[in-house]
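Colleague: Got a predicted structure plus its sequence, pasted below:
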Amino acid sequence: MYPKVSIIILNWNGWKDTIECLESLFQINYQNYNVILVDNGSEDNSLEKIREYCKGKLSIKSDFFKYNSNNKPLLLIEYSKNESEVLQYEKQEIIDLKSDSNLTIIKCKKNNGFAEGSNIGIRHAMKYINPNYILLLNNDTVVDKEFLEKLVDFAEKENKAGVVGSKTYFYDTPNTIQNSWNKINFYNGKIFSAGYGELDKEINKEIVKTDYVSGVCFLIKRDLLKKIGLLDPAYFAYWEDLDYSMRAKLAGYDCYYIPEAKIWHKVSQSSKKFSDFTTYLDTRNMIWFMKTYANTKQYFVFFTYFFVFRFFIISGSIIICHKNFKNFKAFFNGVLDGIKLA
């Protein structure tokens, strides 16, 4: 008997990545899941292209799988954000559909960010589907056929497992690790992922209790959701996965890395360019997170380290090396707002 899993994927102007992710999901071995796609106010032709994919009019070429036309057309169920929250009930015949035969789309008028966009999907799933687990999955990923079975099998056996995550490889270099188990240094605000940028090794092949699970692939147990609630929408994007992992641990649950659950993520190893908005959010949320979860001694050391050393290193890199004054303004505003929010 497979526990029910609702998989939440966000799309924002990224239909090409999204349909490759969907196709890989519809080919997994797990037998009891549904997929909810939250479109975060896309301004391109994402919805049109995703509808074409569901009709079987848009095939996908991928190095990770062969396109399957046998399950097309998919039954497509579309709701506006408001409709998704005021339904009287979801039809039982929809809930009982074969996992690889249907897709639910929730259409938002604006970009709600990762945190609230995910919450929109979670609220719909919890109210109308009542799954045993929620899986948050980035749209720019491709999954192994057994990834969900490996995640759920462990979560079912380990009662204290509240959040469970996969081994994540770089999409472009499929045997190079992007994320595994993670550590948070509360004295300097830096985070560490074991094996990042390295070829897969034995050190990354054991199940590990981790400080946090990356939001790229984030399996949440229903009991935990009922106990601590949804993601914090104030984060908008970045660090919300660390925040939720910490809240889970404070509620008596643990976070785990499962190496046999494998996915591939389209993140460039060489890309160092952050948008101004990304720089702002990453800076603000990091300071906010540290203030929330570091103890008094840790936060004092972090605060001192940041303003005596790290602030000037980052500022110098942005202004002198990159000559990007707009990005520096975003960084500076992130620092100010992080302190205010904290």
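Modeller: Right, received. Where do you want to start? Numbers count the residues shown, from 1 in each chain.
Colleague: Contacts for stretch 113-125, please.
Modeller: Here stretch 113-125 makes contact (C-beta atoms under 8 Å, 6 or more residues apart in numbering) with 6, 8-10, 12, 34, 36, 38, 40, 79, 81, 84-85, 104, 106, 108, 111-112, 131, 134, 136, 215, 225, 230-238, 240. Using the backbone N, CA and C atoms, a C-beta is placed for each residue, glycine as well.
Colleague: starting at the chain centroid, how far to it?
Modeller: In terms of C-alpha atoms, centre = their mean, to the nearest Å, the centre of stretch 113-125 is found 11 Å from the chain centre.
Colleague: Buried by neighbour count: which residues of that stretch qualify?
Modeller: The neighbour-count criterion (16 or more other C-beta atoms under 10 Å) identifies Gly113, Phe114, Ala115, Glu116, Gly117, Ser118, Asn119, Ile120, Gly121, Ile122, His124, Ala125 as the buried residues of stretch 113-125.
Colleague: Could you do stretch 316-330 as well?
Modeller: Residues Ile318, Asn324, Asn327, Phe328, Ala330 are the ones in stretch 316-330 that count as buried (16+ other C-beta under 10 Å).
Colleague: Please convert those to a markdown table, extending it with pLDDT, distance to Asn68 and secondary structure.
Modeller: Shown next, in a markdown table, are the buried residues of stretch 316-330 (pLDDT from 0 to 100; distance: C-beta to C-beta, whole Å; DSSP: H, G, I helix; E, B strand; the rest coil):
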| residue | pLDDT | distance to Asn68 | secondary structure |
| --- | --- | --- | --- |
| Ile318 | 91 | 46 | helix |
| Asn324 | 91 | 45 | coil |
| Asn327 | 94 | 43 | helix |
| Phe328 | 93 | 48 | helix |
| Ala330 | 95 | 43 | helix |
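Colleague: so can I have JSON lines of those residues showing distance to Pro73?
Modeller: Formatted as JSON lines, the entries for these read as follows, by distance: C-beta to C-beta, whole Å:
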{"residue": "Ile318", "distance to Pro73": "49"}
{"residue": "Asn324", "distance to Pro73": "47"}
{"residue": "Asn327", "distance to Pro73": "45"}
{"residue": "Phe328", "distance to Pro73": "50"}
{"residue": "Ala330", "distance to Pro73": "44"}
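Colleague: Out of these, the closest to Thr279 would be?
Modeller: For the buried residues of stretch 316-330, the residue nearest Thr279 by C-beta to C-beta is Ala330; the value is 4.5 Å.
Colleague: ok, now which ones touch the closest one?
Modeller: Under the criterion of C-beta under 8 Å, 6+ apart, the neighbours of Ala330 are Asp276, Phe277, Thr279, Tyr280, Thr283.
Colleague: Now do the first one against Cys255, distance only.
Modeller: For Asp276, the distance to Cys255 equals 31 Å [C-beta to C-beta, to the nearest Å].
Colleague: Kindly report the same for Lys209.
Modeller: The separation that Lys209 has from Cys255, given C-beta to C-beta, amounts to 7 Å.
Colleague: more crowded one of the two?
Modeller: Using other C-beta atoms under 10 Å as the criterion, Lys209 and Cys255 rank with Cys255 on top: 25 against 13.
Colleague: Distance check, that one against Ile19.
Modeller: For Cys255, the distance to Ile19 equals 30 Å [C-beta to C-beta].
Colleague: Now do the same for Tyr256: helix, strand or coil?
Modeller: Classification of Tyr256 using DSSP: H, G, I helix; E, B strand; the rest coil returns strand.
Colleague: Just the pLDDT for Lys98.
Modeller: According to the per-residue confidence, Lys98 scores 84 in pLDDT.
Colleague: Could you shift the numbering so residue one becomes 231, and keep it that way?
Modeller: Right, with 231 as the first residue, what we last looked at is Lys328.
Colleague: so how many other residues sit close to it?
Modeller: Neighbours of Lys328 under the rule other C-beta under 10 Å: 10.
Colleague: got a list of what it touches?
Modeller: If you count contacts by C-beta under 8 Å, 6+ apart, then Lys328 has nothing around it.
Colleague: do you know how far it is from Phe256?
Modeller: If you go by C-beta to C-beta, the gap between Lys328 and Phe256 works out to 10 Å.
Colleague: one step back: just the buried ones from the contacts of stretch 343-355, in PyMOL syntax?
Modeller: Typed into PyMOL, the next command selects the buried ones out of these (criterion: 16+ other C-beta under 10 Å):
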select buried, resi 236+238+239+240+242+264+266+268+270+309+311+314+334+336+338+341+342+361+364+366+445+455+460+461+462+463+465+466+467+468+470
